[in-house]
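Novice: let me see the structure of the following:
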Amino acid sequence: MLRFDVNISILLKEVPFLERIAYAARLGFGAVEFWWPGEENLDELAKLLRAHGLKVALMNFAAGDMAAGERGFLNDANRHQWLREHVPQALEFAKRIGCQQLNALVGNNLEGVNREAQLEQVRENLAWIADEAARAGLGVVVESLNSFENRRYLLTNTAETLHLLAQVKRPNLKYQYDVYHMQRMEGNIIATLREHIAQIGHIQLADSPGRHEPGTGEIHYPHVLSVIDELGYQGYIGLEYNPQAGSEASFGWLPAERREALAVKDLRL
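Specialist: Predicted structure coming up:
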């Protein structure tokens, strides 16, 4: 059975962030994920997650001002001290709320800095982050983003991201496969899943090219999800899309009674 979580940083925006916990539970979800909660009160967030019995499938390390286009700083030597202060805080909070893995965005290309030097900085920081996470019993995932909307992001395809992770050589470091981003960049979703499922620590979805809910674009999600199920993927699948006409309406493809676990045949697509 496939398990889904809802990303409350991009969905359920009809209510303030902290209220999205209760909203997700009311809609039948058993798990959520989110970007670093920024200015939100972490104590209150943890309290609400416990009160509503929600699991946290994934959270991001802080990646800067996402709305302004920032996408992490692992490539920036000038953010060394900031990173050393933030990562322990994020890992401690993840343990507190029972989140087993965190997503590390690597950063946008820095003008005037050699690309290989930036990637070496990413490798160094990822090794340190993964080691810190391992000591806490946690995992780390790294994703590729499409260059149409993230034109300066360093990692934009599966091959280069997996190559970088292989160079870092940490067993708790995995690939976060975002179906939407990779459909836009390279296609071959089914072939990629079949070849690399063992290296994938988390999956996210949205339809392409509009980044709305499944059934609104070109991706044949019944087939994609059936292959994920066939391959025995045990993690959560994060819903990370911009709803076309409101969050609640966008879940019509995913029956309310099946939002914690779904047999693919029950999809309404």
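Novice: where along the stretch 101-250 of the chain do the strands fall?
Specialist: 101-103, 139-143, 173-178, 200-205, 236-239 (DSSP state E, counting those that start in this stretch).
Novice: so can I have CSV of those showing distance to Arg84 and mean neighbour count?
Specialist: Yep, even glycine has a C-beta here, placed from its N, CA and C like the rest. Output for the strands of the stretch 101-250 of the chain, formatted as CSV (distance: least, CB to CB, whole Å; neighbours: other CB atoms under 10 Å):
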stretch, distance to Arg84, mean neighbour count
strand 101-103, 16, 23
strand 139-143, 16, 24
strand 173-178, 18, 24
strand 200-205, 24, 23
strand 236-239, 28, 24
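Novice: reformat those strands as TSV; add distance to Val122 and mean pLDDT.
Specialist: TSV is the format used below for those (distance: least, CB to CB, whole Å; pLDDT from 0 to 100):
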stretch	distance to Val122	mean pLDDT
strand 101-103	14	98
strand 139-143	9	98
strand 173-178	12	98
strand 200-205	17	98
strand 236-239	23	98
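Novice: so which of the ones you listed gets nearest Gln121?
Specialist: strand 139-143 (13.9 Å; CB to CB).
Novice: mind putting the strands of the stretch 101-250 of the chain in TSV, distance to Gln118 included?
Specialist: Shown next, in TSV, are those (distance: least, CB to CB, whole Å):
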stretch	distance to Gln118
strand 101-103	19
strand 139-143	14
strand 173-178	18
strand 200-205	23
strand 236-239	27
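Novice: between those strands, which one is nearest to Ala77?
Specialist: strand 139-143 (18.7 Å).
Novice: and that closest one with strand 173-178, angle?
Specialist: 40 degrees (axes from the mean of the first three to the mean of the last three CA atoms, to 10 degrees).
Novice: so which elements touch strand 139-143?
Specialist: With contacts defined as 3 or more CB pairs under 8 Å, 6 or more residues apart in numbering; DSSP states H and E, strand 139-143 has these neighbours: strand 101-103, helix 115-135, helix 158-168, strand 173-178, strand 200-205.
Novice: TSV please, covering the ones you listed and showing distance to Leu49.
Specialist: Shown next, in TSV, are the helices and strands packed on strand 139-143 (distance: least, CB to CB, whole Å):
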stretch	distance to Leu49
strand 101-103	15
helix 115-135	20
helix 158-168	29
strand 173-178	21
strand 200-205	18
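Novice: of all the ones you listed, which one is nearest Gly215?
Specialist: strand 200-205 (11.3 Å).
Novice: pLDDT below threshold where in the stretch 51-200 of the chain?
Specialist: For the stretch 51-200 of the chain, no stretch has pLDDT under 70.
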